[in-house]
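In: Next come a sequence and a model predicted from it.
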Amino acid sequence: MTAGAVASRSDAALGAAALVAAAAGGLGGSWLLLPTAAALVTAWIAWRDAQSFIIPNEAAAALAALGIAARFAEGGGTTDVLGALAVDVVLTGGLLWGVREVYFRARGRDGLGLGDVKLAAAAGCLAGAAGFAVALFAASLAGLVVAGLRRAGREDRLPFGALLAPAVWVVWAAAGFAAPGLLG
């Protein structure tokens with residue numbers, strides 16, 4: 001079995017486990033289930049992106065499912081939650097898709113992968129647009145520091161999802177545990 005096949009199977013298994021955690025958390029499971037599952041999924045995203053410049057679709061879907069479960073657990077399953085989720089996904093995913101397109105048209109090559117765009121949309125489910133903005137700023141600053149420490153040139157690649165995913169979790173967890181209402 002090839003390394004790619006093993007990674008694909010482990011991605012599917014981890015994605016399924018996160019979806020089960022999302023369902024259990026959304027149904028009133030342990031209050032630590034969703035944050036722990038989200039931490040594991042964001043660590044998985046960061047590790048895979050750092051290793052291969054790939055954010056598995058299963059990981060983005062799992063993070064989105066956890067975010068949706070968390071939002072419904074907080075909001076009681078109302079249509080307001082659905083509307084807010086839709087707006088947040090369009091804003092966060094649309095923002096990074098727009099940045100990706102502008103960069104491609106200006107430089108003739110991809111600057112952000114579609115995995116980063118899907119991660120942004122999933123992050124919108126978890127942290128909302130305001131939380132995503134804070135996480136995006138933090139991840140961008142971290143990227144500048146990493147690039148400076150590596151003395152990266154203009155042609156060097158940086159796995160942005162490896163910086164963005166943990167930042168999203170930290171912002172979401174801080175808003176929920178340390179400062180409820182911080183993000184609106």
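Out: Good, I have the coordinates.
In: As PDB, could you dump the C-alpha coordinates of stretch 96-111?
Out: The C-alpha trace of stretch 96-111 is given here as PDB (Å, rounded to 0.1, in the frame of the first residue of the first chain):
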ATOM      1  CA  LEU A  96     -10.000  33.800   0.400                       C
ATOM      2  CA  TRP A  97     -11.300  32.800  -3.000                       C
ATOM      3  CA  GLY A  98     -11.200  36.400  -4.100                       C
ATOM      4  CA  VAL A  99      -7.600  36.800  -2.800                       C
ATOM      5  CA  ARG A 100      -6.700  33.600  -4.700                       C
ATOM      6  CA  GLU A 101      -8.200  34.900  -7.900                       C
ATOM      7  CA  VAL A 102      -6.700  38.300  -7.700                       C
ATOM      8  CA  TYR A 103      -3.300  36.900  -7.100                       C
ATOM      9  CA  PHE A 104      -3.600  34.400  -9.900                       C
ATOM     10  CA  ARG A 105      -4.600  37.100 -12.400                       C
ATOM     11  CA  ALA A 106      -1.800  39.400 -11.200                       C
ATOM     12  CA  ARG A 107       1.000  36.700 -11.100                       C
ATOM     13  CA  GLY A 108      -0.200  34.000 -13.400                       C
ATOM     14  CA  ARG A 109       0.100  31.300 -10.700                       C
ATOM     15  CA  ASP A 110      -1.700  30.200  -7.600                       C
ATOM     16  CA  GLY A 111      -0.800  31.900  -4.300                       C
END
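In: Go ahead and confirm residue 163 touches residue 144.
Out: No. The criterion here is Cβ atoms under 8 Å, and residue 163 misses it with residue 144 at 10.0 Å. Every C-beta, even on glycine, is put in place using the N, C-alpha and C of the backbone.
In: okay, now residue 48: neighbour count?
Out: By the measure other Cβ atoms under 10 Å, the count of residues near residue 48 is 23.
In: Please apply the same query to residue 54.
Out: By other Cβ under 10 Å, the residues close to residue 54 number 16.
In: From residue 170, how far off is it?
Out: As for residue 54, its distance to residue 170 is 22 Å (criterion: Cβ to Cβ, to the nearest Å).
In: Residue 114 now?
Out: To residue 170, residue 114 is 24 Å away according to Cβ to Cβ.
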